[in-house]
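1. following is a predicted model, sequence given first.
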Amino acid sequence: MKLSGIKREQRKFRWLLLSPGLLIIIIFTSVPALTTLSYAFFEWKGFVRGSWAGFENFDRLFSFPFRDQFLMAFRHNILVFIAIMVLQTSLGLLIAYALFNLTRGQRFFRTVTFLPVIFSLVIVGYMWQILLDPYYGPINLIVGELGQPTWAKAWLGDTATALPTLVFINLWRWVGFPAIIFLAGLNAISTDYIEAARIDGASEGKIFRKILFPLLAPSMTIITVLTFIGAFEWFDLPYILGGSNGSPAGATDTLALMFYRLSFGSVDSGANEVGVGSALGVIIFTVVGVGAAVGSKLLRRREVEM
Amino acid sequence: MKISQRRARGLVAAAIAASVIAGPVIASMPAQAATELTFWSWRTEDKAFYEEQMAIFKEKTGITVKFTPYVNTEYNAILSTALTAGSGPDVMQIRPYGGMSTLSDAGNFLALTTKDVPALAKMSPGTLAGVQGYTVKKQFGLPYATSVIGVMYNPELLKQAGVKALPSTYESFIRVLAQIKAKGIIPLGNATGNAPSLEQMWAAVGPTFYGGTPFFNDVVKGTRTFTDKNFVASLQAVKDLVPYMPPTPAGVDYNTARGLFANEKAAFYIGGNYEISYFRSLNPSLNVAWMPAPAAAPGAKRYVTTWADGGFGINAKTKAKPEAIKLLNFLASKDFNQAAADQLGWIPTAPYIKITDPAISKMQKSLASQGTPFLTVVGFRFGTPTSSVIMQPGFQKLTAGTTTAAELAKDVQAAIASWYAPQKGKS
């Protein structure tokens, strides 16, 4: 009797501790997500809700002129996800492995690797904008000095190079994050496995491939899921460097930028499209939600018990 | 312990007694008039001017005004969000024509009368129409300036390049640009990195190709469409200027492009009178001259595109309506408008302002015989998708060579036909 009283008290205390966080999530995440879902089924005049519209906003999103913008933005999100997974995650893994094997100065290099992650993204964006300026930017000046003036480009202004440049800047800023996650994963692996393999005559490459990499699966799951969510909600860096229209000519447009543009309008459009924007919001939410859930379930299956 | 409890009780009792005595006294005091107004704008480059003017306003009325400009391209989003959330500034700059029609139709702006703002009575119906609602035909703003787009040039650089006569046709314009380029001077400061300025560039050079006001009236009536070969030619005219822009024009943003002209690196700049204040802020000694865009062919009419730049409006939910009206009357005053004309290069809506800048004076004088409304801003911003939504990124694709003028015109027609009744079903 007395025990259950304590349990009740504990439960109350647990809810008390959870309530501030839960309230914030409900007010700022769940309620807006659910209301956006409902907004997608209404007609809108500016920010004033009109009558029931059924699936008309979804129809409009998949018709001219939004269809092409949507497909292009969606393609960019997919490309960014692939590029980040291939380049940023592999580089992060390599850095983590290098740091793991360092016997001296690990703390220093760990800090250096992680430092750009804590920089303000706005500052990072503007810093790269200056570095990449086609006229005065040091990058093009260096390229010119190296005797290769044809390599000097309007990196952020050319439709062919704008998105890869953004991916590169993203890599520069974020590579420390997967590196630290992988390093934590590597440090959690018992050294017994590695020593046993070494005694058996396994090479360093084989140890990495056969022991360390499989045992890093939980870290890989976290990184993949977070990268997927980040890539499909990519907004901040493209917005800083390409504006809400994904300049040049939509070459850096993403679904999140399109959502912002449609929902809140821009100087060019004159009027906003809250209904179509909400329909897009529902699609982004579904893609991210379903993708992250399915991805984490599939990836967890291949995780190895240590 | 006991003492401290007693002391605490004493303090509480004293506080209650004080509030009982002081409460009615405070309540009976007259409510203090609001002495601070908030004023939002998209003109970040004019911040110093407005702050100076607001200091003059404070001297006259005792009312403090906090002037906050936001980045031009994000102003609509910021203002819409604030007004819809029930907040927002007391007074604000309003986009013209359909630019903020959803906000005015939703009742966010206070309808103005000539009793509140007597200066409205002195303005022409055409000027007033720039800041009226779309479905609710009320005056939601005080129109403050007329914008004019044309071709600005640096006479010294033209002289250096050996240009003896100003080009009057497009063919001669291209020839002059090539001549300047051959001398190692950037012929045209404009670039393609900023999409909205490409639409403005088209607004300057395009009307002579599509036929100016008669074409405007025809597409508004629906008797002609945007796939008209003359309209296609007007789009192509922008593409034809790309070889004379700064190197790698796609990577040059709006301010860098303007900086090239302001710092006397580029001989021409196609833009509006509102660019002049920015040029002067970078280079006060710059000699800016102006001409209307050259004719499409010998004998074709030259046009000067114009539109109401915007208005000053009052938030319908302001708690300081009398003060906000005072501010609007100050913004309509001769002194303020003269200062704006002198320092910002405005062409004020008020007819009694003397324009001292020779380039701007020339722009104003050209309006009577050559003025034509900005086709996409005046005519087709009341529904979505607007023609500008298609044209701005479309121009970036056209100048980069990833689309053609005919394809872009087809897309503009499809966008307008999707919501504008007289064009429905037409291609």
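-> In hand now; what should we look at?
2. what ranges do the helices span in the stretch 301-427 of chain B?
-> Counting by DSSP state H, counting those that start in this stretch, one finds helices in the stretch 301-427 of chain B at the ranges B:321-331, B:334-344, B:358-370, B:387-400, B:405-417.
3. now do the stretch 151-300 of chain A
-> A:162-174, A:176-188, A:191-199, A:204-207, A:213-215, A:217-232, A:236-242, A:255-264, A:274-301.
4. buried deepest among those helices, which one?
-> Each of the helices of the stretch 151-300 of chain A was scored by mean neighbour count; the highest is helix A:255-264, a mean of 23, by mean count of other CB atoms under 10 Å in any protein chain shown. C-beta coordinates here come from the backbone N, C-alpha and C atoms, glycine included.
5. and the angle from it to helix A:217-232?
-> Angle, helix A:255-264 to helix A:217-232, by axes from the mean of the first three to the mean of the last three CA atoms, to 10 degrees: 40 degrees.
6. do the host helix or strand of residue A:125 and chain B meet?
-> Using DSSP states H and E, residue A:125 falls within helix A:121-131. No: judged by CB under 8 Å from any CB of the partner chain, helix A:121-131 stays clear of chain B, getting no closer than 8.8 Å.
7. which ones are touching residue A:184?
-> By CB atoms under 8 Å, 6 or more residues apart in numbering or on different chains, the residues touching residue A:184 are residue A:219.
8. and for residue B:35?
-> When contacts are counted by CB under 8 Å, 6+ apart, residue B:35 touches B:62-64, B:323.
9. output the below-cut-off pLDDT ranges for the stretch 101-250 of chain B.
-> Along the stretch 101-250 of chain B, no part satisfies pLDDT under 70.
10. which residue does it have closest to chain A?
-> residue B:102 (2.7 Å; CB to the nearest CB).
11. chain B contacts on the stretch 51-200 of chain A?
-> Residues of the stretch 51-200 of chain A lying near chain B by CB under 8 Å from any CB: A:64-66, A:133-135, A:153-159.
12. would you turn those residues into CSV with neighbour count and pLDDT?
-> What follows is those, written out as CSV (neighbours: other CB atoms under 10 Å in any protein chain shown; pLDDT from 0 to 100):
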residue, neighbour count, pLDDT
A:64, 15, 87
A:65, 19, 86
A:66, 23, 91
A:133, 21, 87
A:134, 25, 85
A:135, 17, 82
A:153, 19, 84
A:154, 25, 85
A:155, 26, 90
A:156, 27, 90
A:157, 29, 86
A:158, 18, 86
A:159, 18, 86
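13. nearest to chain A within chain B, name that residue for me.
-> residue B:251 (2.1 Å).
14. for that residue, phi and psi?
-> Here is the backbone geometry of residue B:251 (degrees, to the nearest 10): phi -100, psi 0.
15. picking that back up, select only the buried ones of the contacts of residue B:35 in PyMOL?
-> The PyMOL command for the buried members of those (criterion: 16 or more other CB atoms under 10 Å in any protein chain shown) is given here:
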select buried, chain B and resi 63+323
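16. of the contacts of residue B:35, list those near chain A.
-> Restricting these to those near chain A - CB under 8 Å from any CB - leaves none.
17. got the contacts of residue B:35 as TSV, with secondary structure columns?
-> Shown next, in TSV, are these (DSSP: H, G, I helix; E, B strand; the rest coil):
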residue	secondary structure
B:62	coil
B:63	coil
B:64	strand
B:323	helix
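18. mind putting the contacts of residue B:35 in a markdown table, pLDDT included?
-> Shown next, in a markdown table, are the contacts of residue B:35 (pLDDT from 0 to 100):
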| residue | pLDDT |
| --- | --- |
| B:62 | 94 |
| B:63 | 96 |
| B:64 | 96 |
| B:323 | 96 |
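19. burial count for residue B:292?
-> As a burial measure, residue B:292 scores 24 neighbours (other CB atoms under 10 Å in any protein chain shown).
20. my read: it touches residue B:365, true?
-> No: using CB atoms under 8 Å, residue B:292 makes no contact with residue B:365, being 10.7 Å away.
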